[in-house]
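Enquirer: Attaching a predicted model along with its sequence, questions to come.
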Amino acid sequence: MVSKNLFKRILYLILFIFVANYLANKFYLYSSIWYFDMIMHFLGGLWLGLLVIWFLYSEITSSGFSLKLILKILLGVFLIGVFWEIFEIIFNNIIAQSPFNTLDTISDIFFDLAGGTFAVLYCFRKCMIFSKNKVE
């Protein structure tokens, strides 16, 4: 898969997430389906992982796919997920005035990382750039 096709898939995934989030807010799916937030965080981690892979595409094609690269991808997903959770905490405490939930925050970060891991596995399986490189 070339960089252009990967970028198209990222855009389609972002569009799907946008529509799913819009419908979830309109029909109160976040409160009526207890696990819907987990699905959305998994999808968010997936598109973040794919986006980090897209940004690192030239590094992947030039130096190959390695454990260090996997850790870079997951660290990128983790950092963005943590920043998002900080935003949620600030928003919930100041604007929505709902209490902080530690378990929900840990769960959200876990599902972000699970989505990022799936992105790595997906590209490892589907992307042509990984098929010619061995994992070091």
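Expert: Perfect, I can see it now.

Enquirer: Tell me, how many residues neighbour F27?
Expert: 10 (other CB atoms under 10 Å). To be clear about C-beta, it is placed using only N, CA and C from the backbone, and glycine gets the same treatment.

Enquirer: Start at 572, not 1
Expert: Let's use 572 as the start, then, which means that last one is F598.

Enquirer: Could you say which helix or strand holds the residue most central in space within the chain?
Expert: The structure's the chain has its C-alpha centroid closest to G616; by CA atoms, centre = their mean the separation is 1.3 Å. Assigned by DSSP states H and E, G616 falls within helix 607-626.

Enquirer: What is the subsequent helix or strand relative to that helix?
Expert: Next along the chain after helix 607-626, taking DSSP H and E as the criterion, comes helix 628-634.

Enquirer: Below-threshold pLDDT in this structure: ranges please.
Expert: Where the chain drops to pLDDT under 70, the residues are 572-573, 635-636, 698-707.

Enquirer: now the helices for it?
Expert: Listed in chain order, the helices of the chain (DSSP state H) span 574-597, 600-603, 607-626, 628-634, 638-661, 673-697, 699-702.

Enquirer: Same list, these, but as TSV with distance to A667 please.
Expert: Formatted as TSV, the helices of the chain follow (distance: least, CB to CB, whole Å):
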stretch	distance to A667
helix 574-597	13
helix 600-603	12
helix 607-626	15
helix 628-634	38
helix 638-661	9
helix 673-697	13
helix 699-702	42
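
Enquirer: deepest of these, which one?
Expert: Sort the helices of the chain by mean neighbour count, taking mean count of other CB atoms under 10 Å, and helix 607-626 sits at the top with a mean of 21.

Enquirer: now that one, how far from the centre of its chain.
Expert: The chain centre lies 2 Å from the centre of helix 607-626; the measure is CA atoms, centre = their mean, to the nearest Å.
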